[in-house]
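Asks: Just to be clear, the model below is a prediction. Sequence and coordinates:
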Amino acid sequence: MPGTYQPPAPPGYQRITGSDSIVRDAGGVGRLLQRALREARRSRCRYRVGAVLASGSRIISYSPNVPRNRPTIDFRHATFHAEEAALRRVKDAAGLTVYIARINAAGGSAMARPCSRCQQALLSAGVVRAFYSTNTSDVGCLFMRGC
Ligand SMILES: [Zn+2]
């Protein structure tokens, strides 16, 4: 199962808790999560999520989540999750880190832990780490196998 592998936290990150783990730091993490938040603000979906794929501090791809169909066609409002949408825009995601942010109705940070389908997609694509926003100012971190 993705996310169960727990190597040591990378240098500069302090692991605080959890089976995933919540990390504090984090120079580049904060900046790239802010960028993901900006993507989330562009989303027209009910749950507004944004994702950024980066190699170190270099942004490779980004996207908000997007509706699959017009609401009149798809009554369930199915979406391509932001992670999926960002992955589709890169040829090779091996070694990249994904930053995922969600905003609530008030524009604040909300939990954006990747769902199991996205975890699988990220893992298959070779993404090594996921940082995600939470309901607090803490940052969630998921280490993929092979990190
Ligand atoms: Zn997902």
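Replies: Arrived safely, thanks for sending. Numbering: from 1, shown residues only.
Asks: contacts and neighbour counts: CA atoms only from here.
Replies: Will do.
Asks: tell me which parts of this structure are close to the ion?
Replies: His81, Cys115, Cys118 (CA under 5 Å from the ion).
Asks: got those as CSV, with neighbour count, distance to Gln34 and pLDDT columns?
Replies: Shown next, in CSV, are these (neighbours: other CA atoms under 10 Å; distance: CA to CA, whole Å; pLDDT from 0 to 100):
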residue, neighbour count, distance to Gln34, pLDDT
His81, 25, 18, 96
Cys115, 11, 20, 91
Cys118, 18, 20, 93
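Asks: Pipe those into CSV and attach secondary structure per row.
Replies: CSV is the format used below for those (DSSP: H, G, I helix; E, B strand; the rest coil):
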residue, secondary structure
His81, coil
Cys115, coil
Cys118, helix
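Asks: tell me the contacts of Asn104?
Replies: Tyr47, Arg48, Ala110 (CA atoms under 8 Å, 6 or more residues apart in numbering).
Asks: now with 10 Å?
Replies: Ala40, Arg41, Arg46, Tyr47, Arg48, Val49, Ala110, Met111, Asn135 (CA atoms under 10 Å, 6 or more residues apart in numbering).
Asks: which SSE is the nearest residue to Val52 once chain neighbours are set aside in?
Replies: Nearest residue to Val52, sequence neighbours excluded (CA to CA, 6 or more residues apart in numbering): Tyr62, at 4.2 Å. Here Tyr62, judged by DSSP states H and E, is contained in strand 58-64.
Asks: average pLDDT across that strand?
Replies: Averaging pLDDT along strand 58-64 yields 96.
Asks: Could you spell out the sheet neighbours of it, each with its direction?
Replies: Partners of strand 58-64 in the sheet, by DSSP bridges, are strand 48-55 (antiparallel).
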